[in-house]
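> I would like the atomic coordinates for the input below:
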Amino acid sequence: MIFNDDEIAALKGDVQNIAAFFRLDTDPVIRLWLGFGNIVASANVLDPDGATYVGFGEIKDLPEFSQMINGAAERVDFTLSGVSGEVMQIAANNDADSIKGKRVSVGVGIFGADWQLLGAPHWLANYRADFLSIDQPPVTDPASPIVRTITLSCGTLLTSRRRPSFSYFSDQDQQARFPGDTFCNLAPRYATNFNKKWPKFPPP
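Residues are numbered from 1 along each chain as shown. All right, here's what the predicted structure looks like:
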């Protein structure tokens, strides 16, 4: 990890302004940072041409992460609070399945006293997205605000390596394995939970 002169000077000061950066490699790429407003980050290993990171407000329970030791694969959960109803709908329908297996990167950015980004984000850890869970607790008081949260569970390439993942002969799973293949596109037409009896032929 290489810091430029401005970042080193800021880190040597009495007060350090540091914020977390989050990147999910979907199409389009989701780029967030723990703060408010949009920030243009300079070129880095993940964004060779630079990119804009959207301030997402509060990221709750940003997990601790560490290097794999003695073969113990790590799993972490990222919880985002205060999300809109539109984002909740995306997480609740089939679009959420498109994140499975995508690269998740977490890093930090060094800011100056005026909260201007002094350099590109420094990426500290990489994971693979696994699944999304959503939560919207019921509100008994109509005047109370609705608080929505989304939790993204991530693992490493070695997480659950002892347990083979389940797979189905559905069009959705087949597209994930082989994009564009139409082998299973008629699978929903087949009846389920139906036992076909063996025919009884009359005696000769």
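> For Pro142, see how far away Asp25 is.
Asp25 sits 40 Å away from Pro142, taking CB to CB, to the nearest Å as the criterion. (Each C-beta comes from the backbone N, C-alpha and C, glycine too.)
> quick one, which of the two is more surrounded?
Legend: neighbour count by other CB atoms under 10 Å for Asp25 and Pro142, higher for Asp25 (18 against 5).
> To which secondary structure element is the closest residue to Phe56 other than its chain neighbours assigned?
Counting by CB to CB, 6 or more residues apart in numbering, Phe56 lies nearest to Leu32, which is 4.2 Å off, once chain neighbours are set aside. Element membership of Leu32 [criterion: DSSP states H and E] is strand 30-33.
> For that strand, buried residues please.
Of the residues in strand 30-33, 30-33 count as buried by neighbour count, 16 or more other CB atoms under 10 Å.
> Can you lay out those residues as CSV showing distance to Ala120 and pLDDT?
Converted to CSV, these look like this (distance: CB to CB, whole Å; pLDDT from 0 to 100):
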residue, distance to Ala120, pLDDT
Ile30, 18, 85
Arg31, 12, 89
Leu32, 16, 86
Trp33, 12, 88
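> Adding distance to Phe111, write the residues you listed out as TSV.
Formatted as TSV, the buried residues of strand 30-33 follow (distance: CB to CB, whole Å):
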residue	distance to Phe111
Ile30	21
Arg31	17
Leu32	16
Trp33	10
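> Show me the helices in the protein, by range?
Using DSSP state H, the helices found in the chain span residues 5-12, 85-92, 171-177.
> Worst mean pLDDT across the helices and strands of this protein, which element?
strand 59-60 (a mean of 52; mean pLDDT, DSSP states H and E).
> quick check: domain ranges of this protein?
Per automatic domain parsing, the domain ranges recorded for the chain read 5-160, 167-191.
> out of those domains, nearest to Pro202?
For the domains of the chain, proximity to Pro202 was assessed by CB to CB; domain 167-191 is nearest, at 27.6 Å.
> Near Asp6, how many other residues are there?
14.
> What distance do you get for the residue lying closest to it once chain neighbours are set aside to Gly55?
Once flanking residues are discounted, Asp6 sits nearest to Leu118: 4.4 Å by CB to CB, 6+ apart. To Gly55, Leu118 is 17 Å away according to CB to CB.
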